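>>> Let me see the structure of the following:
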Amino acid sequence: MKRGQKCTLTATEGVRNDTCFQGTVPDYYVDAQSVEDIQKSLRFAQQHKLPITVKNTGHDYRGGSAGVNTFAIWTHNFAPDPVITENFTPDGCPGPVGPVVTYHAGQIGTHLYSSLQGTGYMSVAGSCSTVGPSGGWVAGGGHGIFAPSFGLGVDNAQQMKVVLPNGTYVTANRCQNQDIFFALRGGGGGTFGVVTETTTLLHKDQEFSFVFLQMPVQDVRAANEILVANAERWSDEGFGGLYGVTGIEPGSNIIFLGYNANLNLNETKATLKPLTDYLQSLPGSESMLLEFKTQPNQYAAQNDPALLALLLPEAGVSLTRSSRLVPKKNFQTADGQKAIVDALMANKFGWGAVIASPTNYTLAESDQPGGPGEASVSPAWRDSMWHLTYGTNWDPADPVATSPEALATMFQEISEAMDPMRAITPGAGAYQNEADVYEPDAIGSFWGEKNYARLLAIKKQLDPDNLMSCWNCIGWDVNDERHECYLNVRGIGPSN
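Alright, predicted model coming up:
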């Protein structure tokens with residue numbers, strides 16, 4: 001298989017008369033619909049030393065659910081209805097943790113939110129409803145629009161059942177198999193085993209204040225300054241969602257899409273008044289889209305047309321991004337705010353700050369570093385305010401845009417665009433599920449050195465042959481055959 005051999009379908013292209021190649025799509029798939037299917041698949045892979053890929057939805061920016069010459073375990077159809085337990089006690093634990101919902105490997109957010117509608121409960125899962133909450137989402141940390149108030153996915157998970165690489169089926173929680181529980185909650189998907197089900201906390205469903213704002217602005221620096229100046233206050237007040245500016249050229253759109261579990265609608269309008277007053281003072285303010293409303297429950301919030309419209313452009317599109325978790329301390333001085341604005345203005349891609357850090361969530365004592373429920377996500381999540389992203393896309397049907405040379409340039413540019421922000425946030429991290437493919441410090445950004453050392457020891461014990469691996473995963477080999485379609489960017493990539 002040579003780099004560039006592909007058969008990419010696009011939403012804008014009709015029937016193709018062309019020679020197609022396998023590309024990074026695995027050669028063999030198992031449609032796993034039970035624990036037994038997964039066990040047999042993993043034992044077969046062990047017997048024949050086959051590199052393994054795990055896939056539910058394939059919602060993965062870094063390609064972890066695909067791989068050249070791999071044996072794929074597809075879990076998408078292992079999705080019985082979610083089950084609510086009113087007072088759940090994790091296996092081997094001394095007492096109950098309260099109401100939970102249990103869902104299986106193939107579950108996606110759409111079905112989960114629908115199943116909880118009308119029950120009086122809500123659950124933390126992905127902002128994009130096509131994400132699989134039992135798969136790579138929680139394995140990478142699990143952010144979403146409700147994480148600021150209710151915690152990350154790893155904080156809410158109470159128990160996980162997993163088939164290990166050798167085919168053994170185990171239960172992991174805060175009372176047993178704590179190392180595995182640690183690894184599954186932040187160590188990255190497709191690495192330590194195939195999770196078959198996740199049990200996560202339920203919260204009382206409630207109303208949410210909602211705002212959507214969009215308007216073209218001529219003075220992009222001024223727009224950035226007002227968003228940065230108010231960022232700490234909005235974070236402290238519990239907003240989740242996204243805001244940013246779509247470019248650096250005059251006429252770029254400022255966007256604010258926010259949910260708040262703590263403020264009523266009048267309070268929400270009041271706290272956003274500096275932004276709305278500023279925009280309404282500008283020429284052309286009559287073009288501003290501005291909507292405030294109360295969402296009656298999680299289902300309505302998750303299915304709001306503005307949120308769905310914001311997420312829709314990513315469906316079926318070839319895109320990549322770079323990202324950074326920006327600490328709260330960077331926003332707390334005038335010099336710090338200016339440095340952030342300068343870094344935002346230094347990139348040509350525009351930006352979006354995903355407001356999904358657990359800023360209003362108190363981490364349980366059991367989950368503090370060293371505790372039985374510690375998660376392996378980057379510690380940077382705990383003191384960040386922004387999950388900052390820059391993004392770009394290309395037409396997969398364009399032979400010029402998809403040449404190795406053009407793609408290498410584009411990936412290099414999007415990666416280097418984040419360098420000014422990396423420079424002013426030393427020691428901070430990145431969300432591995434939405435990270436730069438060629439993140440220059442993956443270990444430090446995704447896990448931190450301490451977490452990585454523990455994860456690597458667990459990995460070597462569970463999967464000594466490294467059959468379950470993916471790009472930038474724990475214990476990966478950059479020159480593994482499954483990565484040969486990746487480019488060499490910033491000195492990161494296969495040597496061939």
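>>> And Phe71, its phi and psi?
The main-chain torsion angles of Phe71 are listed as degrees, to the nearest 10 and equal phi -110, psi 110.
>>> so where is this protein shaky, pLDDT-wise?
Low-confidence segments of the chain (pLDDT under 70): 1-16, 313-316, 496.
>>> again, only using 80
By pLDDT under 80, the low-scoring segments of the chain are 1-21, 312-317, 397, 495-496.
>>> Check it and tell me which residue is nearest its centre.
Central residue of the chain (CA atoms, centre = their mean): Asn433, 3.9 Å from the mean position.
>>> contacts for the longest helix anywhere in the chain?
Here the longest helix in the chain is taken by residue count, with DSSP state H as the criterion, and it is helix 220-236. By CB atoms under 8 Å, 6 or more residues apart in numbering, the list of residues contacting helix 220-236 from outside reads 148, 217, 243-245, 247-250, 252, 254, 256, 258, 271-272, 274-275, 278, 328, 331-332, 337, 340-341, 344-345, 353, 355, 357, 359-360, 385-386. The way it works is simple: take the backbone N, C-alpha and C, and place the C-beta from them, glycine included.
>>> With stretch 432-444 instead?
Counting by CB under 8 Å, 6+ apart, the neighbours of stretch 432-444 from elsewhere in the structure are 60-63, 136-137, 140-141, 143, 188, 320-323, 354, 378, 387, 389, 411-412, 414-415, 418, 422, 427, 429-430, 445-446, 449, 452, 471-472, 486, 489-490, 492-493.
>>> mind redoing it with 6 Å?
When contacts are taken as CB atoms under 6 Å, 6 or more residues apart in numbering, the neighbours of stretch 432-444 outside the stretch itself are 61-62, 140, 320, 322-323, 411, 415, 445-446, 452, 472, 489-490, 492.
>>> what sits against Met385?
By CB under 6 Å, 6+ apart, the contact list for Met385 reads 231, 235, 328, 357.
>>> Name the member of those with the most neighbours.
Neighbour tally across the contacts of Met385 (other CB atoms under 10 Å): the maximum, 26 neighbours, falls on Ser357.
>>> right, and that one touches Ser384 too?
Yes - counting by CB atoms under 6 Å, Ser357 touches Ser384, with 4.7 Å between them.
>>> The stretch 301-450 of the chain: strands as residue ranges?
Under the criterion DSSP state E, counting those that start in this stretch, the stretch 301-450 of the chain contains strands at 318-327, 351-355, 384-394.
>>> out of those strands, nearest to Ser403?
Minimum separation from Ser403 across the strands of the stretch 301-450 of the chain (CB to CB) falls at strand 384-394, 10.5 Å.
>>> For that closest one, which strands pair with it and how are they oriented?
In the sheet containing strand 384-394, its partner strands are strand 318-327 (antiparallel), strand 351-355 (antiparallel), by DSSP bridges.
>>> Adding mean neighbour count, write those out as a markdown table.
Written out in a markdown table, the entries for those read as follows (neighbours: other CB atoms under 10 Å):
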| stretch | mean neighbour count |
| --- | --- |
| strand 318-327 | 22 |
| strand 351-355 | 24 |
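>>> Compare those and give me the one nearest Pro99.
Checking the strands paired with strand 384-394 against Pro99 by CB to CB gives strand 351-355 as the closest, at 26.3 Å.
>>> Any chance you could list what contacts the closest one?
For strand 351-355, the external contacting residues (CB under 6 Å, 6+ apart) are 239-244, 344, 386-390.
>>> The contacts of helix 220-236, buried ones only, as a ChimeraX selection?
Here is the ChimeraX command that picks out the buried ones among these, judged by 16 or more other CB atoms under 10 Å:
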select :148,217,243,244,245,248,252,254,256,258,271,272,275,278,328,331,337,340,341,344,345,353,355,357,359,360,385,386
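>>> Show me which of the contacts of Met385 is closest to Thr75.
Nearest to Thr75 among the contacts of Met385, with distances taken as CB to CB, is Ser357, at 28.7 Å.
>>> measure that closest one to Asp436 for me?
18 Å (CB to CB, to the nearest Å).
>>> Show me what the strand or helix carrying Ala183 is in contact with.
Using DSSP states H and E, the element containing Ala183 is helix 178-184. Residues lying outside helix 178-184 but in contact with it, judged by CB under 6 Å, 6+ apart, are 160, 172-173, 192, 372, 374, 376, 455, 458.
>>> mind putting these in TSV, distance to Gln298 and neighbour count included?
Conversion of those to TSV gives the following (distance: CB to CB, whole Å; neighbours: other CB atoms under 10 Å):
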residue	distance to Gln298	neighbour count
Met160	22	25
Ala172	27	26
Asn173	25	23
Phe192	30	27
Pro372	29	14
Glu374	28	21
Ser376	27	27
Leu455	32	25
Ile458	34	21
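>>> Among those, which one lies nearest to Leu50?
Distance to Leu50, by CB to CB, is smallest for Phe192 among these, at 17.3 Å.
>>> Tell me how many other residues crowd the closest residue to that closest one other than its chain neighbours.
For Phe192, the nearest residue in space outside its immediate sequence neighbours is Ala183; the separation is 4.7 Å by CB to CB, 6 or more residues apart in numbering. As a burial measure, the neighbour count of Ala183 was computed by other CB under 10 Å and equals 27.
>>> how close does Ala183 sit to Phe292?
As for Ala183, its distance to Phe292 is 43 Å (criterion: CB to CB).
>>> Going toward the C-terminus from the longest helix of the chain, what's the next helix or strand?
Taking DSSP H and E as the definition, the helix or strand right after helix 220-236 is strand 239-245.
>>> same for that next one, what does it pack against?
Strand 239-245 sits against strand 252-260, strand 351-355, with contacts defined as 3 or more CB pairs under 6 Å, 6 or more residues apart in numbering; DSSP states H and E.
>>> mind saving the C-alpha coords of that strand as PDB?
Taking C-alpha atoms only, strand 239-245 is exported to PDB below (Å, rounded to 0.1, in the frame of the first residue of the first chain):
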ATOM      1  CA  PHE A 239     -21.300  28.400  31.100                       C
ATOM      2  CA  GLY A 240     -20.800  25.500  28.800                       C
ATOM      3  CA  GLY A 241     -20.700  25.600  25.100                       C
ATOM      4  CA  LEU A 242     -18.500  27.400  22.600                       C
ATOM      5  CA  TYR A 243     -17.500  30.900  21.600                       C
ATOM      6  CA  GLY A 244     -14.900  32.400  19.300                       C
ATOM      7  CA  VAL A 245     -14.300  34.300  16.100                       C
END
